[in-house]
Structure formats: C-alpha cells, structure tokens
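Student: generate coordinates for the sequence data below:
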Amino acid sequence: MSQSVATEKVKTKSVNSQDIVIAVMGPTGAGKSTFISYACRKASKDLIGHNLESCTSKVQPIRITTGTHNVILVDTPGFDDTNMSDTRVLGMIADWLLETYNNQVKLAGIIYMHRISDNRMAGTPLKNLKMFAQLCGTAAADRVILVTTMWGRVKQDVGAKREDELKSKFWKDMIDKKAKVARFEASFDSAWAIIGRVYEPLEREAVLLQEELADLQKKLSETGAGKTLYNTLQKQLDEEKRLLKELYDEAERQDNPTLAADLKNQYEQVRQQLEVTFKEVASLKIPFGRRIMQFFFSKKARSNPLKIFNF
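Tutor: Here you go, the predicted structure:
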C-alpha cells in the first residue's frame with residue numbers, strides 16, 4: 001500500500017456503520033499499539049501518548065482515512081494492565097462494545113495479537129486468550145485474525161514451531177471456525193496486509209458479549225466473559241489465601257528479627273492484594289435470586305464461546 005493515510009483519534013459516538021471497525025486485542029505488551037502506529041505511519045508517542053501505559057489505559061478508536069477506505073482500529077487494554085483491575089478492563093471493553101452495538105455498529109474484524117517470543121502459553125497470555133474466547137463467540141470467529149508478533153526476538157525455526165503449536169492446540173477451534181492466522185513483521189506494509197484481509201465481503205456479526213448484554217439483557221457478571229473472570233479471580237483468591245497463611249506461619253517461627261520483619265512485610269503486601277481480589281470477586285458474584293431466574297427464564301445466545309486447548 002503506497003498511498004498516504006490520514007489519522008485521528010475519534011470518540012465512540014462518531015463511529016458509524018460505514019466504517020470498517022477492527023478491534024485490536026491481546027495481552028499488554030503483545031504489540032497492539034505498535035501495530036496501530038505502523039498502520040498509521042506514526043510513532044506511538046505521536047498518535048496516542050508519550051508512553052505505552054497511556055495508550056492502553058482505555059478503549060481508543062483511531063480513524064485511518066485512505067483513498068478508498070475509512071478504517072477504525074480500536075486499541076484495547078489487556079487483562080493484565082498494571083494500572084487497572086481485570087474487572088475494570090472487562091467493564092471498559094463491554095461498555096464500548098455495547099455502545100457501538102446500540103448505535104448499529106458491528107465489528108468488521110478482530111485482530112488478536114500474541115507474542116511469538118513467549119516460550120509457552122500460560123499465565124497472562126492464557127488468561128487473555130480465555131477471556132477473548134468467551135467474549136468473541138463462534139458467530140464472529142470468521143472475522144478474527146490471530147496475529148503473532150515479536151518475530152525479530154526468536155529464531156525462525158523456534159517461532160515456526162511455537163506457531164504450529166498455537167494452530168494445532170490453543171487456536172484450533174477458532175481456526176476450525178474460519179479464523180485466519182497471520183504474522184506481523186513490524187512494518188507499514190505488514191500491518192496493512194493484515195488489515196486488508198478484513199475487507200473480504202462477509203456479513204458482520206455481533207460478538208458474543210454484545211449479544212449477551214444487548215439482546216439477552218444480561219448483566220456483565222452473568223455473561224460468559226464475566227463468569228470466566230469470576231472463576232479466574234476465585235482461583236487467584238484461594239492462592240493468595242494459601243500464601244498469606246504460609247507467610248504468617250513462617251514469620252511466627254522465625255527467631256531472626258530481620259527475617260521475621262521481612263516476612264511480615266511480604267505478609268502485609270499479600271494481605272492488601274487479597275483485599276483487592278476479594279472486592280473484584282464480590283463485584284462479579286451473581287446473587288442467588290438472579291441465578292434462580294436465569295435457570296428458569298434465561299434465553300440462550302445464538303453464538304457459543306470459542307474453545308481453546310485445555311479449557
């Protein structure tokens with residue numbers, strides 16, 4: 001693509017159904033903002049702030065105008081943001097998806113980014129993928145492009161082996177549902193080669209989270225994404241409780257005042273994190289009465305959650 005592009009940050013209310021709206025999702029540090037910057041022929045700091053934290057702290061649509069298309073790339077925070085809880089991140093993404101859906105705007109595509117430099121799928125990358133599988137759903141799967149990044153940080157044969165594992169295991173259900181796979185080579189042309197694959201004339205579909213919130217009138221905690229986050233946080237809460245008890249018991253056993261003080265310091269940090277996690281879990285808990293109502297009266301969505309390996 002040799003033509004020039006014009007870019008601007010836009011408000012959600014100015015996004016319309018004629019725009020080619022593409023959400024860019026994935027873990028923090030996977031290269032979402034970098035991808036958008038290359039697509040805009042701008043440095044990240046010139047487009048969306050002077051540091052990476054500022055550009056991923058909210059859902060930010062960026063309009064790119066070319067000679068023939070109006071493309072809006074939507075930068076989203078990951079479910080591991082250092083400045084926000086996962087509950088807040090999910091709420092922000094849900095609010096944006098609901099607002100656009102109510103304005104008759106459906107996503108033309110979703111670019112989901114994964115670092116090929118990660119030597120295994122666990123922890124943060126796996127958590128982000130689980131959340132994505134729940135909020136996307138099967139109906140919109142053919143609008144998904146699974147993009148690997150950071151190829152310059154690995155040997156090609158190592159990266160290719162990891163890519164094969166992603167395709168055969170973790171991404172298999174998405175690919176079976178016609179999701180596409182691409183490599184981002186950190187260039188303007190590579191970014192637009194990926195964006196260009198969204199231009200194919202397929203009917204736009206609501207993602208599962210939009211259908212659950214708008215059509216089925218569910219609360220966020222009652223959606224598949226909300227329940228998945230609740231279960232993840234519940235496991236985290238249990239682990240923090242276990243660690244807290246171990247630190248307390250070890251501190252009580254120590255005769256060394258310096259070591260005991262250090263352990264108590266760690267204990268206090270874990271205790272504070274425990275309180276934060278507990279509040280997040282509580283905010284996503286579905287009241288008993290609502291659960292009974294759902295059991296008898298809730299309708300099922302057209303779309304189903306996407307499956308991933310071992311989940």
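Student: check contacts around the nearest residue to Thr87 once chain neighbours are set aside.
Tutor: Nearest non-adjacent residue to Thr87, counting by Cβ to Cβ, 6 or more residues apart in numbering: Glu280, 4.7 Å away. C-beta here means a position set from N, CA and C on the backbone, and glycine is covered the same way. For Glu280, the contact set (Cβ atoms under 8 Å, 6 or more residues apart in numbering) comprises 85-87, 233.
Student: on the pLDDT front, check Glu280 for me.
Tutor: For Glu280, the model assigns a pLDDT of 85.
Student: how about low-confidence regions in this structure?
Tutor: 1-3, 43-56, 82, 199-202, 288, 290-299, 309-311 (pLDDT under 70).
Student: can you tell me which helix or strand the residue nearest to Thr87 belongs to?
Tutor: Element membership for Glu280, per DSSP states H and E: helix 257-284.
Student: could you pull out the buried residues of that helix?
Tutor: Judged by neighbour count (16 or more other Cβ atoms under 10 Å), helix 257-284 contains these buried residues: 263-264, 267, 270, 274, 277, 280-281, 283-284.
Student: export the residues you listed to a markdown table and tack on distance to Ser187?
Tutor: Below are the buried residues of helix 257-284 laid out as a markdown table (distance: Cβ to Cβ, whole Å):
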| residue | distance to Ser187 |
| --- | --- |
| Leu263 | 50 |
| Lys264 | 52 |
| Tyr267 | 49 |
| Val270 | 44 |
| Leu274 | 45 |
| Thr277 | 41 |
| Glu280 | 39 |
| Val281 | 43 |
| Ser283 | 42 |
| Leu284 | 40 |
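Student: quick one: which of those residues is nearest Asp81?
Tutor: The nearest member of the buried residues of helix 257-284 to Asp81, counting by Cβ to Cβ, is Glu280 at 13.2 Å.
Student: what's the spacing between that closest one and Lys130?
Tutor: 16 Å (Cβ to Cβ, to the nearest Å).
Student: so which residues of the stretch 151-300 of the chain form strands?
Tutor: 180-183 (DSSP state E, counting those that start in this stretch).
Student: if we can go back for a sec, return the member of the contacts of Glu280 nearest to Asp75.
Tutor: Asp86 (17.6 Å).
Student: surely that closest one and Leu233 touch.
Tutor: Yes: counting by Cβ atoms under 8 Å, Leu233 is a contact partner of Asp86 at 7.2 Å.
Student: wait, a strand at Lys307?
Tutor: No: read with DSSP: H, G, I helix; E, B strand; the rest coil, Lys307 is coil and lies in no strand.
Student: tell me how many other residues crowd it.
Tutor: 15 (other Cβ atoms under 10 Å).
Student: how about it: what's its closest non-neighbour residue?
Tutor: Asp173 (4.0 Å).
Student: shouldn't that neighbour be in contact with Lys167?
Tutor: No: counting by Cβ under 8 Å, Asp173 stays clear of Lys167, with 11.1 Å between them.
Student: which one of those two has more residues nearby?
Tutor: Asp173 (18 against 15).
Student: tell me the phi and psi of the residue of the chain most remote from its centre?
Tutor: Within the chain, the residue lying farthest from the chain centre (Cα atoms, centre = their mean) is Asp255, at 46.4 Å. Asp255 adopts backbone torsions of phi -90, psi -20, taken as degrees, to the nearest 10.
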